[in-house]
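Q: any chance you can model this:
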Amino acid sequence: MTIEKFMMIMVGSMVLVSTILAYTVSASWLLLTGFIGLNLLISGITGFCPMVYFLRKAGLKHGCAFRNC
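A: Model prediction:
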């Protein structure tokens, strides 16, 4: 699995879970969704994502996230 695929799966799961928790438990869970969105925005602008550092240390490699790359 590549870093890009792992990140898409993890971020998508976190947004989905935090949205469900906001609907069922407390609206405060939307803060997590907002934090994830802010991190994605900053990563897109700066090209730096702290999670990628840890995934590289764990042995994951960069690669193509889509089949037609």
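Q: tell me how many other residues surround Ser18.
A: By the criterion of other C-beta atoms under 10 Å, Ser18 has 19 neighbours. The way it works is simple: take the backbone N, C-alpha and C, and place the C-beta from them, glycine included.
Q: just give me the neighbour total for Ser26.
A: The burial count for Ser26: 10, using other C-beta under 10 Å.
Q: helices and strands of the protein: which one has the lowest mean pLDDT?
A: Scoring the helices and strands of the chain by mean pLDDT, DSSP states H and E places helix 50-57 at the bottom, with a mean of 92.
Q: and the angle for the biggest helix by length in the chain with helix 50-57?
A: Assignment by DSSP state H gives helix 3-24 as the longest helix of the chain. If you take axes from the mean of the first three to the mean of the last three C-alpha atoms, to 10 degrees, helix 3-24 sits at 130 degrees to helix 50-57.
Q: who are the packing partners of helix 3-24?
A: In this structure, helix 3-24 packs against helix 30-46, helix 50-57, with contacts taken as 3 or more C-beta pairs under 8 Å, 6 or more residues apart in numbering; DSSP states H and E.
Q: make TSV from the ones you listed and add distance to Met14 to it.
A: What follows is those, written out as TSV (distance: least, C-beta to C-beta, whole Å):
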stretch	distance to Met14
helix 30-46	6
helix 50-57	11
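Q: among the ones you listed, which is nearest Phe6?
A: Each of those has some distance to Phe6 by C-beta to C-beta; the shortest is helix 50-57, at 6.3 Å.
Q: report the angle between the axes of the closest one and helix 30-46?
A: Using the same axes, to 10 degrees, helix 50-57 lies at 70 degrees relative to helix 30-46.
Q: how far away from the center of its chain is helix 50-57?
A: 12 Å (C-alpha atoms, centre = their mean, to the nearest Å).
Q: can you give me the buried ones in it?
A: Residues of helix 50-57 classed as buried: 52, 55 (neighbour count, 16 or more other C-beta atoms under 10 Å).
Q: identify all contacting residues around it.
A: For helix 50-57, the surrounding residues in contact (C-beta atoms under 8 Å, 6 or more residues apart in numbering) are 3, 6-7, 10.
Q: list just the nearest of the residues you listed to Lys61.
A: Ile3 (6.9 Å).
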